[in-house]
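>>> pasting the sequence and the predicted coordinates here, then a few questions.
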Amino acid sequence: MAMTGLLLDDARRYADAHVDRFGVATTPVDGLVILRETTPTMLQYAVSKPLVALVLQGGKRVTMGNATFDFGAGDSLLITTDVPTVSQITTASRALPYYSLVLELEPAIIAELAGEIGAVPSEADRPVRVDPTEAEVADAALRLLRLLDRPATLTVLGSQLKRELHYWLLVGRHGGAIQALGVTDSHAHRVARAVAVLRTHYAETVKVEVLAKAAGMSLSAFHVHFRSITSLSPLQFQKQLRLIEARRRMLSLGEAISDAAYGVGYESVPQFTREYGRMFGQPPARDIRRASAEMSDAA
């Protein structure tokens, strides 16, 4: 059986036993989850952290800015910086669910490995890309998955296999772009420091000067590199963070519209409603009713 077939078998077995109502099966490995969906999903909005997602069955569409990627089993989605994305699982059924293995990339591991192998970094030209999954990556992922139900073994070997998975990604076709995550002076890493400030203080008024200082850039350079990497201005980025978090609160926690709006930093519910509608295509009440109904139907 092909490596991806073996990986699918192990991912299916674990996900089916551990998946929650949101289609996520968490694992004992930090940053590693398995996604499962039995029906095509509604549009999902997120500001994704750097990650790699190995699609094992089904199909998905991801849009970042003006670029749209359609991909399926045997492909990997690579995101090399914090960017807002709109995604949708397009191919899934109860007979053949969608499965993917998602690992958040760790800059510290990347920096350590890059130093050992003497890799030469390059700035990422595209923060989102899709390519066929490389055999070495699938093999390392399979061996890591097979430790999930063996806690004692996972304690000893888990970190080593996670590091190996990063290694194969680093020496693969997009190694230069991945390595930039671990280089403290790269534009990607500098912008990531500013994004971390926005993620932490999204509900507050954050001056651009503070973000530029966090990135170690002049104001003019910061604006240029922030937009080139994230496709948004800092203000647009913060607005999307707020709206995505508000939607999560209403959908997952059942918060009222006004509570969610004020909780993410809005001072006016009408303004929140207008901006929410522009981003999600419907006013909050209608969008949450529809999303909740779809989740109930899929349960």
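Yep, that arrived.
>>> what segments of the stretch 101-250 of the chain are helices?
Along the stretch 101-250 of the chain, counting by DSSP state H, counting those that start in this stretch, helices occupy 107-117, 135-145, 151-170, 175-179, 187-200, 208-215, 219-230, 234-248.
>>> give me whichever of those is most buried.
Greatest average neighbour count among the helices of the stretch 101-250 of the chain goes to helix 175-179 (a mean of 23), per mean count of other C-beta atoms under 10 Å. In short, each C-beta sits where N, CA and C put it, glycine included.
>>> so which elements touch that helix?
Using 3 or more C-beta pairs under 8 Å, 6 or more residues apart in numbering; DSSP states H and E, the elements in contact with helix 175-179 are helix 107-117, helix 151-170.
>>> packing partners of the shortest one?
Contacts defined by 3+ C-beta pairs under 8 Å, 6+ apart place helix 107-117 against helix 151-170, helix 175-179.
>>> mean pLDDT and distance to R193 for those - can I get that in TSV?
Below are the helices and strands packed on helix 107-117 laid out as TSV (pLDDT from 0 to 100; distance: least, C-beta to C-beta, whole Å):
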stretch	mean pLDDT	distance to R193
helix 151-170	91	21
helix 175-179	76	17
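>>> wait, which of these is closest to G254?
Closest of these to G254 is helix 151-170, at 34.3 Å (criterion: C-beta to C-beta).
>>> just give me how far the helix or strand of the chain with the lowest mean pLDDT sits from the chain centre.
Here the helix or strand of the chain ranked lowest by mean pLDDT, DSSP states H and E is helix 175-179, holding a mean of 76. Relative to the centre of its chain, helix 175-179 is centred 17 Å away, using C-alpha atoms, centre = their mean, to the nearest Å.
>>> could I get the helices and strands packed on helix 107-117 as CSV with distance to Y98?
What follows is the helices and strands packed on helix 107-117, written out as CSV (distance: least, C-beta to C-beta, whole Å):
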stretch, distance to Y98
helix 151-170, 21
helix 175-179, 25
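>>> which one of these lies nearest to E204?
Using C-beta to C-beta, the nearest of the helices and strands packed on helix 107-117 to E204 is helix 175-179, at 31.5 Å.
>>> could you dump the helices and strands packed on helix 175-179 to a markdown table with distance to L6?
As requested, these are exported to a markdown table (distance: least, C-beta to C-beta, whole Å):
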| stretch | distance to L6 |
| --- | --- |
| helix 107-117 | 25 |
| helix 151-170 | 15 |
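>>> so which of the ones you listed is nearest R248?
Of those, nearest to R248 by C-beta to C-beta is helix 107-117, at 25.1 Å.
>>> the inter-axis angle of the closest one versus helix 187-200?
Counting by axes from the mean of the first three to the mean of the last three C-alpha atoms, to 10 degrees, helix 107-117 points 160 degrees away from the direction of helix 187-200.
>>> CA-only coordinates of helix 107-117, as PDB, when you get a sec.
The C-alpha trace of helix 107-117 is given here as PDB (Å, rounded to 0.1, in the frame of the first residue of the first chain):
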ATOM      1  CA  PRO A 107      10.600  28.500  14.200                       C
ATOM      2  CA  ALA A 108      12.900  27.300  17.100                       C
ATOM      3  CA  ILE A 109      13.200  23.800  15.600                       C
ATOM      4  CA  ILE A 110      13.600  25.300  12.100                       C
ATOM      5  CA  ALA A 111      16.400  27.600  13.300                       C
ATOM      6  CA  GLU A 112      18.200  24.800  15.000                       C
ATOM      7  CA  LEU A 113      18.100  22.500  12.000                       C
ATOM      8  CA  ALA A 114      19.000  25.200   9.600                       C
ATOM      9  CA  GLY A 115      22.100  25.900  11.600                       C
ATOM     10  CA  GLU A 116      23.100  22.300  11.600                       C
ATOM     11  CA  ILE A 117      22.700  21.700   7.900                       C
END
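>>> surely L101 is in contact with A11?
Yes: the pair L101 / A11 is scored as a contact, 5.6 Å apart, by C-beta atoms under 8 Å.
>>> those two: which is more packed in?
L101 (28 against 25; other C-beta atoms under 10 Å).
>>> how about the nearest residue to the more buried one, chain neighbours excluded?
L54 (4.5 Å; C-beta to C-beta, 6 or more residues apart in numbering).
>>> again, but for S186
In space, and not counting its chain neighbours, S186 is closest to A180: 4.2 Å by C-beta to C-beta, 6+ apart.
>>> next one: L8
L8's closest residue in space is L56 (C-beta to C-beta, 6+ apart), at 4.2 Å.
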